[in-house]
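> Below are the sequence and a predicted model for it; my questions follow.
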Amino acid sequence: MSTPAAEHAPGLASADRTAARARGLTKAYGSGETTVLALDSVDVDIMRGRFTAVMGPSGSGKSTLMHCLAGLDTVSAGQVWLGDTEITGLRERELTRLRRDRIGFMFQSFNLIPTLNALENITLPMNIAGRDPDRTWLDQVVDTLGLRDRLKHRPAQLSGGQQQRVACARALVSRPELIFADEPTGNLDSRAGLEVLGFLREAVDELGQTVVMVTHDPGAAAHSDLVLFLADGRIVDEMHRPTAEAVLERMRLFTGAGSRLPGSPAED
Ligand SMILES: Nc1ncnc2c1ncn2[C@@H]1O[C@H](COP(=O)(O)OP(=O)(O)OP(=O)(O)O)[C@@H](O)[C@H]1O
């Protein structure tokens, strides 16, 4: 299934509205009898200035989709664009530059450098790229994320939530066209998780960023504008203006009746 945007705006004309796009995206791992089809001819449009969540059962292809859209993994068939740049077919060197200059990443495990302080971690990708951060923007990001009095601290001196806020600032500071967040709240308690989701929401609403987040948590997905549901390597459904309850209900269709919202009463 393709998203409505994919149906109504195919071709390069849509590039100004789409931050990323895939057509016929197929990814197979292994060969012969052991082949796993992780993505099966996926068409998707990630709209600019929107917060998109990707959900689905374990093994449905969420991480593979993110990795292929971000140029972290090669595709078996199909095409992927970042803005109007087709990334399928780019050499590794060009992909590295494109990821560095145009994409921000957040991971479940934060991926901060332990020997660098918070500010150095935040500015590291730009330093590697030989670019100076825009000071006004850096200040705005640091203040929005409440990190002003933590900039000299190393990751080990910060709480999990603060570390993820540093990772969020690092993803935002170069004003990337697209931020990919893979289970960004997976290692956080619910309060710190809510905080990080609130910041991602603010990044979209107030800073005009585009965010794609992979999550297992219906409560996290409820912070997005649009949820894409994956099952068996295909986009099988989508939901605009999601609520946690509606997402959970939809997930039950794909995973059986056992799922429940964290904190909600058990069914048995
Ligand atoms: N490097 C790999 N080699 C072989 N198979 C892989 C590899 N990476 C993923 N797969 C398979 O591809 C399918 C999709 O995996 P993927 O990690 O994208 O799913 P997911 O929805 O992100 O799962 P989870 O929610 O458990 O993280 C799974 O069947 C997985 O076993």
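It's in. Numbers count the residues shown, from 1 in each chain.
> For the rest of this, base every contact and every neighbour count on C-alpha atoms.
Fine.
> Now do the strands in this structure.
18-29, 36-47, 51-55, 77-82, 85-86, 103-107, 178-182, 211-214, 226-231, 234-240 (DSSP state E).
> Could you identify the longest helix within the chain?
helix 190-205 (DSSP state H).
> Now do that one against strand 51-55, angle only.
130 degrees (axes from the mean of the first three to the mean of the last three C-alpha atoms, to 10 degrees).
> what packs against helix 190-205?
Using 3 or more C-alpha pairs under 8 Å, 6 or more residues apart in numbering; DSSP states H and E, the elements in contact with helix 190-205 are helix 160-172.
> what residues are up against residue 114?
Residue 114 is in contact with 154-156, counting by C-alpha atoms under 8 Å, 6 or more residues apart in numbering.
> Nearest to the ligand among those residues?
residue 155 (25.1 Å; C-alpha to the nearest ligand atom).
> On the pLDDT front, check the closest one for me.
For residue 155, the pLDDT comes out at 96.
> Can you get me a residue count around it?
23 (other C-alpha atoms under 10 Å).
> Is it in contact with residue 118, as I believe?
Yes: between residue 155 and residue 118 there is a contact at 6.7 Å, judged by C-alpha atoms under 8 Å.
> returning to that earlier point: quick one: which of the contacts of residue 114 is nearest residue 253?
Residue 253 has its nearest neighbour among the contacts of residue 114 in residue 155, at 40.2 Å by C-alpha to C-alpha.
> what's the closest non-adjacent residue to the closest one?
Among residues not flanking residue 155 along the chain, residue 114 sits closest, at 5.7 Å (C-alpha to C-alpha, 6 or more residues apart in numbering).
> what residues does the stretch 101-250 of the chain put near the ligand?
Taking C-alpha under 6 Å from any ligand atom, no part of the stretch 101-250 of the chain reaches the ligand.
> Give me the distance between residue 98 and the ligand.
22 Å (C-alpha to the nearest ligand atom, to the nearest Å).
> okay, the nearest residue to residue 47 once chain neighbours are set aside: pLDDT?
Leaving aside its sequence neighbours, residue 47 sits nearest to residue 18 (C-alpha to C-alpha, 6+ apart; 4.4 Å). Note on residue 18: pLDDT of 94.
> show me the residues around residue 18 that make contact.
45-48, 83.
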